[in-house]
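**Q** Got a predicted model here, sequence first, then my questions.
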Amino acid sequence: MLEDKRILLIISGGIAAYKSLELIRQLRKRGAWVTPVLTKSAKEFVTPLSVSALAEEKAYQDLFDLTDEAEMGHIQLSRSADLVVVAPCTANLMAKMANGLADDLASTLLLATDTQVLVAPAMNVRMWDHPSTQRNLKTLKNDGVAFVGPNEGDMACGEYGPGRLAEPAEIVAAVESQLAEGPLTGRRILVTSGPTHEPIDPVRYIANRSSGAQGTAIARALVLLGADVIFVTGPADEPRPEGAHIVEVETAKDMMEAVNKVLPVDAAVFAAAVADWNVVGASDQKIKKQAGKIPSLNFSENPDILATISQLEKDRPQLVVGFAAETNDVVENATKKRLRKACDWIVANDVSPETGIMGGRENAVILISDEGAEHWPRMGKDLVARQLAERIAQALG
Ligand code: C5P
């Protein structure tokens, strides 16, 4: 049920706009309050009168409507909802959102809001497949925007493929899952993941081996428990976790800067395999190979992000979790590491090649806290992530 939840529903222009009427009906039936906003072109497909009659609320249309500004400013309108839903969302509105354009009421609300946004795209299949739309989709997902659909099927334009608006019942289900309360709802959690790349020159770098699989799984598990997750990742192939805010970085210094920017957070999980050193005086031109001449590299130490954040006097997260990838004396080394870094927990694992853990789908971890070492059985990285997320939820209370 959506009893007394407030939905700001933005309807943009497209033949699928007629389904927004059924969507409003179904949301109202579940007890939600719907404030509708129509773009100029949406009015060509559905009338403000029918939208507002079904919503039993005024249908907002124009940014410069002074009466509306007197009743409720656009900033307030954008923030008074529990969820902003854009259905249908055209390719044009997606492009505006991805680029931060605000040239009408709908796009201004989307730029001004601090509320979670759920987008249900609807467009011709070629428009959906177009590299610009796919680029915008990626940008919006990285900004933490959630998506439902589009579905695949026959389209009003006579073509077949992905681009059809999700059915109203599917959109309602997505709304319900967005508004579902989890034990971490309202909690802000930072996760670092992946390797860092430390350049030698523009084409060469040093790095640790890291697929980013465990960090990504942890971010996903935290999102599922309702947390607001900020995922700071180095270059990794693993698809980014949906529903998290993604910050892409390259070097350890970039990662340190990004982490400082997202503070304060309630908890921080440092799963990244940060390179310990960077190359002093990295060349900004490719170093030429010369027969018989081997270049030598000078290193300087990278910031220890985990230790820095664990030892903060102001803004230290309530819970700081580090990782320890060891190849021998795992518990002993990881226990020392917990004390040296001053973090609360260390998730330790044996990454000797024979374990197949590095780059694999499974992990066998030991959780080290002030209560000692707790051995978890070997299991999929997603299960490790789920258990860890649940433990984090318990610890934050
Ligand atoms: O010291 P070591 O690299 O073994 O410690 C591993 C833990 O410290 C991991 O949680 C890793 O993310 C974090 N770390 C860090 N910054 C570094 C090195 C490691 O945050 N420069």
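**A** Structure's in. What do you need? A quick note: this is a predicted structure, and the numbers were derived from the prediction, not measured.
**Q** can you tell me how far residue 157 sits from the ligand?
**A** 49 Å (Cβ to the nearest ligand atom, to the nearest Å). (C-beta placed from N, C-alpha, C; glycine too.)
**Q** how about the residues of the protein near the ligand?
**A** Counting by Cβ under 6 Å from any ligand atom, the chain comes close to the ligand at 192, 252, 270, 272, 274, 276, 302, 304-306, 322-324, 337.
**Q** Who wins on neighbours among these?
**A** residue 192 (30 neighbours; other Cβ atoms under 10 Å).
**Q** Could you tell me which of the residues of the chain next to the ligand are located in helices?
**A** 252, 305-306, 337 (DSSP state H).
**Q** Need those residues in a markdown table (columns: pLDDT).
**A** Below are these laid out as a markdown table (pLDDT from 0 to 100):
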| residue | pLDDT |
| --- | --- |
| 252 | 98 |
| 305 | 98 |
| 306 | 98 |
| 337 | 96 |
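**Q** hmm, back to that, of the residues of the chain next to the ligand, which is the nearest to residue 208?
**A** Using Cβ to Cβ, residue 274 is the member of the residues of the chain next to the ligand that lies nearest residue 208, at 7.4 Å.
**Q** hey, which helix or strand in this protein has the poorest pLDDT?
**A** helix 66-71 (a mean of 58; mean pLDDT, DSSP states H and E).
**Q** Domain boundaries for this protein, per the record?
**A** Per automatic domain parsing, the domain ranges recorded for the chain read 6-179, 188-396.
**Q** ranges for the helices of the stretch 251-397 of the chain?
**A** With DSSP state H, counting those that start in this stretch as the criterion, the stretch 251-397 of the chain has helices at 252-262, 305-310, 330-341, 381-396.
**Q** Most tightly packed of the ones you listed?
**A** helix 305-310 (a mean of 21; mean count of other Cβ atoms under 10 Å).
**Q** The closest residue to residue 162 other than its chain neighbours: which element?
**A** Closest residue to residue 162 apart from its sequence neighbours, by Cβ to Cβ, 6 or more residues apart in numbering: residue 152 at 4.7 Å. Residue 152 belongs to strand 151-154 when assigned by DSSP states H and E.
**Q** Can you name the residues that contact the spatially most central residue of the chain?
**A** Against the mean C-alpha coordinate of the chain, by Cα atoms, centre = their mean, the closest residue is residue 244 at 1.6 Å. By Cβ atoms under 8 Å, 6 or more residues apart in numbering, the residues touching residue 244 are 144, 191, 219-220, 222-223, 229-231.
**Q** ok, 10 Å please
**A** Applying Cβ atoms under 10 Å, 6 or more residues apart in numbering to residue 244 gives the contacts 141-142, 144, 189, 191, 216, 219-220, 222-223, 227-233.
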